[in-house]
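Trainee: build me a model from this:
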Amino acid sequence: MPAKRFLLASLLLLAAVPSLAADTDLDVLVRETARERLPMETILWGRPVRAVPYGAGGDCQRVGLIHLDNRMRDGSERIDNYKVCGTSIARIDDLPPSLPNDPQFKQVTRMALVGAARYGRRRATAQGYLISSTRLGMADGRGCAQVETTVTYEGLLVAHSAGTVCP
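Mentor: Next up is the predicted model:
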């Protein structure tokens, strides 16, 4: 009987090890993204994720973890938000809202994207959302450029994209 209990306890302990390692992988990913201030993509817990830095303020940085293959009911990507202060990581337990689906919001977003393609960087606000766009390189002969955009709402990452924008 004691041998069976020992075996069962050993199996339970081994089953717990991958989840402990996954938490460490999450901490490393979030800390490195905050430190580098660059988006990073990787596999976490066997699933694709993108970590996106945003909202730097003082000694703290915020990082949104986008689950690339896990959508919410409304079709938006699931995003977990974290606050990194030094070596301390705290998960922000609020859920980000969905993006507005109205023409005015889309127009303001497009204006921020085009502004970044032309001038290097552009910020805009619409309905309480902050839209931040940055050109990632030189524009081509037609004025098209790679632009990265983050959308935040009350300190939460709502959306992130990168792609070619033409004025």
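
Trainee: how is the protein divided into domains?
Mentor: Domain ranges of the chain: 2-92, 103-165, per automatic domain parsing.

Trainee: from the ones you listed, which stretch is densest packed?
Mentor: domain 103-165 (a mean of 17; mean count of other C-beta atoms under 10 Å). Any C-beta I mention is one placed from the backbone N, CA and C, and that applies to glycine too.

Trainee: show me where pLDDT drops low in the protein?
Mentor: In the predicted model of the chain, residues 1-23, 56-57, 72-75 satisfy pLDDT under 70.

Trainee: what segments of it are helices?
Mentor: All helices of the chain, identified by DSSP state H, fall at 2-36, 103-119.

Trainee: now do the last one: which elements does it pack against?
Mentor: The reference is to helix 103-119. strand 121-126, strand 129-135, strand 145-153, strand 156-165 (3 or more C-beta pairs under 8 Å, 6 or more residues apart in numbering; DSSP states H and E).

Trainee: okay, the angle between that helix and strand 145-153?
Mentor: Going by axes from the mean of the first three to the mean of the last three C-alpha atoms, to 10 degrees, helix 103-119 is angled at 140 degrees with respect to strand 145-153.
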